[in-house]
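> output the structure for:
(chains A and B)
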Amino acid sequence: MSWRRFFRRAQWDRDRAAELRSYIEIETDENIARGMSPEAARRAAHIKLGNTVRIREEIYRMNTISPLETLGRDLRLALRGIRRRPGFTLAVILTLALGIGANTAIFGVVDGVLIKPLPYPDADELVSIEQVAPGLNADQLRMSASQYFTYREEGRVFQHIGLYGDGGRTITGLGEPEQARALFVTYDVLLALGIQPQLGRLFTEADATPGPAGVAPVLMLTHAYWQRRFGGDRSVIGRRLIADSNPTEVIGIMPEGFRFLDMEPAAEVISLIALDRSRLTVDGFGYWSLARLKPGMTVADANADIARMLPIWLNAWPISPNVAGRQVFENWRITPVVEPLKDEVVGGVGDMLWILMATIGMVLLIACANVANLMLVRSESRRQEFAVRTALGAGRGHIAREVLVESLVLSLIGGALGVALAYAALQVVVATAPTTLPRVEDISLDPRAMGFAIAVSLLSSMLFGALPALKHAAQHGTPLGGTARGASTSRERQRTRNSLVVVQVALALVLLIGSGLMIRTFRALLDVEPGFGTTADLQTARVWVPPQQVQEPERVVRIQHEILDKVAALPGVTAAAFASAVPMEGPLRVWTQAIYVDGQKYDPGTVAPLRRIKTVSPGYFNAIGTRMIAGRDITWNDIYGRVSVTVISENFAREIWGSPAAALGQRIRESPTAPVWREIVGIVEDVHEDAVHQAAPGMVYWPTMMENYAGARLFSMRPVNLVIRSEQAGRESLLAGVRSAVSSVNASMPVFLVRTMKDLYDASLARTSFALVMLGIAAAMALMLGVIGIYGVIAYVVAQRSREIGIRLALGAAPATLMRMFVGQGLVLTAVGAGVGLVTAVALTQWMSSLLFGVERLDPPTYAGVLGVLGLAAALASYVPARRAAAVDPVETLTAE
Amino acid sequence: MPRRESPLQSETPQGTLDMLVLRVLVMGPAHGHTIAHAIERGSEDVLQIEHGSLYPALHRLENRGWIASFWGTSDNNRKAKYYRLTPTGRKQLAAQTTRWEEIVRAIGRILKPSTDQTS
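Now for the predicted structure:
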């Protein structure tokens, strides 16, 4: 057998025929020569030669590749069948396209976010290094610079380990002053990532000479910033910019497409952290850290290695004067948490995406059940055809194979259409995905997603094709004369269809319950009092007074106050204030402090519980809409008069003094050795600072300027968020007013991170609303497919039993009774399916508890509501075909055959 | 569907027909008709064959490269397809003939053991 021969068969067959003809002629000639009549001679020649057709067939078969041959024939048959039944085909292909398309799209997301490695070389060697301190009541403790040095020098598992943080750098001297988003790194962070610069060079250890504010006078630019500010000019390397009022040399450009983990908004410039080793202490836990492991080292090795180094570190570095001894840190019980870097980047969305994937998989199962049902009905109508073909010698496997080939063709067409759908869907997902969905830029329909689509198509064709194919194999030998009269033979097939519908209903119920729980979660989130007022009319923007321009803390506050007065005077502004951070800004503006309460005893060697802190200007609570529960706000007189006062949150007050009123007049301080106590003058309501679904932390609101705070004689907060209440929030008119107010006070102060509170609030709900929308779509598809399934089965039963119905009607049965009978049948199927679904849902919803908030996973209203919806839909789906039963004309059906 | 073997293949040992065809072609190129009659005559009409069953064998031999074909004109001026032995075919014939003779000797020994022992 060979391909060449396979394709040249036709020509060879003609050749063979000519050869056989020539035999006949020669033999006939000889027979005539022997004295036969021409006719007898020809007949004798034919007899001598034998059956020429069979000879040719035998030779033809020698040259075939037989599986290919039959596949070709089956394909032709399948395509012919598909063309001949456009309605059936369309229904099947659309159902499959939806199922496969949705699965491919979600796979694209899951693959991009969860499966693909991070876009760095050998990304599986990269780890994040965090630590927890159970003794400090802190979920997470960042790393201190001294830890970094110890790990770098004593560590046995790291190739490179580095510290990083984020923030901004004010770039001046290029026209308008600009606050560039900055990534701060030690020189080894970029080495660990394994990224080469597009232009210039990376930081080296020698660059890290300590400069002002702990930053070295060198800078790298990202590709986008280089293009935007310098038009891609290559001569920028070596140029000196003014960053935070310090001359800083540009030494390199990062390659296009470089992203640092999932930093959002993305960095524009990269600064080098310069640490003065001689002044480091054990504490100062302010940095994030990542590392590249040596080949062959595991995360467990790294955890063990750090655990080994922690005592070394603790004894090697001096402790700050305001800490009561090394014992304090030992009591913290610091424990390393090294994780693959990807886990850190992906964070908590893994659960949600896997749930979505499972959900969409269920939709595909429902779709397959529907298609299997359609195929069964379809093959029912082909029973006669199959019987004839069986009688003509078609084998049992032959017809089954044909059915499988047909389903294969259908699912591949459906799959192709599905990929197109998935492509469109992914565009939408990427455009609308919540900003909290990490790695959105890695989502695409790549060859892997295509492979997945093909695999899913093949699998689903097996799923919905196998059932009809098996049925055919089983029913082999149907008598030729069998007609639709044989109601008893179809009973078993009806049972198959019924079970398919039960499965569909069960799966649809599970999905409906899932999305019902999400709706309840969303409602619960919306019902949470966040602790601040309406969000759409609340504008925030950050301004920063650089220390290079203004030294004295009080000057800083005067400038901020002046800006505030100008902003408050803008048309439409009803309130304005500032604070060190606004709620829901993200983890980078979260500050905590151990707060000591007057009159409480603290064991030596322990620290007081950590509280969240914030500095605020007078009027902040009014502007943001946080209610004052007792006492009064901080005033400008307090600030300029340097009166030691503070405001705390209600939950903190209740925890210590039992009631808000009792807390008034009490005193707290930020260190056990601080020279002054600060008096609590006001209590405000609790604020969900982190996200709506996270508990409101106990808060301490310090005045924006304080005497004798944290070791400084006079402290004031330099970067602050303006909080502006105005109907024009988010509009350019207001923003222009704010910018001109700021620049009229100081022309080199940039305004940045301009957002409305609604942006922040929506972002904190984004994960839930994303899951809600996706689950909602899946559940809607499932319900629709399930309803179609029920409708199909009842409609088919009605059509099958139309003769029986006719007879019953003729004998005087009431149409309404008949109708009830069929609706009842649909409802029984639904009830069985719902029963199975309930059990499944109870088992499966435990996987989604991490997505739920304010609702039990066995929430009775959800289950009741979903059952109601499903029952109603099922009743409708069986009512429509049942009505047709009642409308049967007895005379017509009885004379039909 | 059961495949029916051509009579000649089923009634003669496997490969025999091939050998006979090759043997005929040693004398020089011939067309199918000639080969069929030559085999019949050569066997003194012991092998009565349906001449048609020869053609699949010819096709098979040609596919193996043991014989080659060309269109020519027969003695009585008819167009006919001629076959000739290729060098490979010649080698095959030698090998098969040797093997055949060995088999015949072996069978002979089994069928007439006593004669063999006494001689």
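
> for the rest of this, base every contact and every neighbour count on C-alpha atoms.
OK.

> chain B: helices as residue ranges?
Under the criterion DSSP state H, helices of chain B are mapped to B:7-11, B:16-25, B:32-42, B:54-64, B:87-111, B:113-118.

> residue A:366: which of the ones you listed is closest?
Checking the helices of chain B against residue A:366 by CA to CA gives helix B:54-64 as the closest, at 53.2 Å.

> residues in chain B within reach of chain A, list them.
Remark: the part of chain B in contact with chain A comprises B:1, B:32-33, B:50-53, B:55-56, B:59, B:76, B:78-81, using CA under 8 Å from any CA of the partner chain.

> tabulate the helices of chain B (TSV), appending mean pLDDT and distance to residue A:673.
Shown next, in TSV, are the helices of chain B (pLDDT from 0 to 100; distance: least, CA to CA, whole Å):
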stretch	mean pLDDT	distance to residue A:673
helix B:7-11	41	111
helix B:16-25	83	111
helix B:32-42	83	118
helix B:54-64	85	102
helix B:87-111	84	107
helix B:113-118	51	121
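
> nearest to residue A:528, out of these?
By CA to CA (comparing all of these), the closest turns out to be helix B:54-64, at 84.1 Å.

> check contacts around residue A:203.
Taking CA atoms under 8 Å, 6 or more residues apart in numbering or on different chains as the criterion, residue A:203 is in contact with A:187, A:251, A:272.

> compute the number of surrounding residues for residue A:661.
If you count neighbours by other CA atoms under 10 Å in any protein chain shown, residue A:661 ends up with 16.

> how about the CA coordinates for the strand or helix carrying it, as CSV?
Residue A:661 is part of helix A:660-663, with elements assigned from DSSP states H and E. What follows is helix A:660-663 as a C-alpha-only set of coordinates in CSV (Å, rounded to 0.1, in the frame of the first residue of the first chain):
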residue,chain,number,x,y,z
PRO,A,660,-17.6,55.6,72.6
ALA,A,661,-18.5,58.1,75.3
ALA,A,662,-16.2,56.4,77.8
ALA,A,663,-13.2,56.8,75.5
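
> show me what the helix or strand that comes right after that helix is packed up against.
Downstream of helix A:660-663, the first helix or strand assigned by DSSP H and E is strand A:667-669. In this structure, strand A:667-669 makes packing contacts with strand A:596-597, strand A:678-684, judged by 3 or more CA pairs under 8 Å, 6 or more residues apart in numbering or on different chains; DSSP states H and E.

> take those and lay them out in JSON lines including distance to chain B, mean pLDDT and mean neighbour count.
Formatted as JSON lines, these follow (distance: least, CA to the nearest CA, whole Å; pLDDT from 0 to 100; neighbours: other CA atoms under 10 Å in any protein chain shown):
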{"stretch": "strand A:596-597", "distance to chain B": "95", "mean pLDDT": "92", "mean neighbour count": "21"}
{"stretch": "strand A:678-684", "distance to chain B": "91", "mean pLDDT": "96", "mean neighbour count": "23"}
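
> burial count for residue A:72?
Residues lying near residue A:72 (other CA under 10 Å) number 12.

> just to revisit the earlier point, could I get the contacts of residue A:203 in TSV, plus columns for pLDDT, secondary structure and distance to residue A:658?
Output for the contacts of residue A:203, formatted as TSV (pLDDT from 0 to 100; DSSP: H, G, I helix; E, B strand; the rest coil; distance: CA to CA, whole Å):
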residue	pLDDT	secondary structure	distance to residue A:658
A:187	93	helix	50
A:251	94	strand	58
A:272	93	strand	48
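
> which ones are touching the residue most central in space within chain B?
Taking CA atoms, centre = their mean as the criterion, residue B:20 is the residue nearest the geometric centre of chain B, at 2.1 Å. Taking CA under 8 Å, 6+ apart, we find residue B:20 in contact with residue B:39.

> mind checking how far it is from chain A?
With the distance defined as CA to the nearest CA, to the nearest Å, residue B:20 ends up 18 Å from chain A.

> sorry, back to before: now tabulate the contacts of residue A:203 in CSV and tack on distance to residue A:854 and neighbour count.
Formatted as CSV, those follow (distance: CA to CA, whole Å; neighbours: other CA atoms under 10 Å in any protein chain shown):
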residue, distance to residue A:854, neighbour count
A:187, 45, 24
A:251, 52, 20
A:272, 44, 27
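
> now the element after whichever strand or helix holds residue A:768, going C-ward?
Counting by DSSP H and E, the secondary-structure element that holds residue A:768 is helix A:757-800. Reading on from helix A:757-800 to the C-terminus, the next helix or strand found by DSSP H and E is helix A:802-810.

> would you mark the buried spots in that following helix?
When neighbours are counted by 16 or more other CA atoms under 10 Å in any protein chain shown, the buried residues of helix A:802-810 are found to be A:802-803, A:805-807, A:809.
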